[in-house]
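Asks: build me a structure from this.
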Amino acid sequence: MWKIAVGFAVFAAIALFVIFQAGDKVDMSGEKHGTEAIAPTSGASDAKH
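Replies: Model (predicted):
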C-alpha cells in the first residue's frame, strides 16, 4: 500500500514540475476540431489548381 502512495507522490511531483516549467505555453484545451485545428499555408491552395 505504501508503494502506491509513493508512486502517486512521485507522479504528482513530476506532473507539477512539468506544468510549472512550461508556464503559460501549455495548451490544456483538448482536441481541436474545425478551422482552429488547421493552419492554412499561404501557397497551399494555389498549388492544387
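
Asks: what's the mean pLDDT across the longest helix along the chain?
Replies: Longest helix of the chain, by residue count under DSSP state H: helix 2-22. Across helix 2-22, pLDDT averages out at 93.

Asks: dihedrals phi and psi, Val26?
Replies: phi -90, psi 130 (degrees, to the nearest 10).

Asks: give me the neighbour count for the closest residue in space to it that isn't next to it in sequence.
Replies: Nearest non-adjacent residue to Val26, counting by CB to CB, 6 or more residues apart in numbering: Ile19, 6.7 Å away. (Each C-beta comes from the backbone N, C-alpha and C, glycine too.) As a burial measure, Ile19 scores 11 neighbours (other CB atoms under 10 Å).

Asks: check the one 3 residues further on too.
Replies: Around Ala22 sit 10 other residues, with neighbours defined as other CB under 10 Å.

Asks: likewise Ala12?
Replies: For Ala12, using other CB under 10 Å, the count is 10.

Asks: and it, how far is that from Gln21?
Replies: 15 Å (CB to CB, to the nearest Å).

Asks: then Ile14?
Replies: From Ile14 to Gln21 the distance is 11 Å (CB to CB).

Asks: cool, Val10 as well?
Replies: 16 Å.

Asks: tell me, how many residues neighbour Phe11?
Replies: Neighbours of Phe11 (other CB under 10 Å): 10.

Asks: now Gly7
Replies: As a measure of burial, Gly7 has 10 neighbours, counting by other CB under 10 Å.

Asks: same deal with the one 3 residues further on?
Replies: Number of residues near Val10 (other CB under 10 Å) recorded here: 10.

Asks: let's have the chain start at 13 instead
Replies: In the new count, where the first residue is 13, that last one comes out as Val22.

Asks: how close does it get to Gly42?
Replies: Distance from Val22 to Gly42, by CB to CB: 26 Å.

Asks: same check on Phe32?
Replies: 21 Å.

Asks: same deal with Ile26?
Replies: Ile26 sits 21 Å away from Gly42, going by CB to CB.

Asks: higher neighbour count, the two?
Replies: Taking neighbours as other CB under 10 Å, Ile26 and Gly42 compare with Ile26 leading, 10 against 6.
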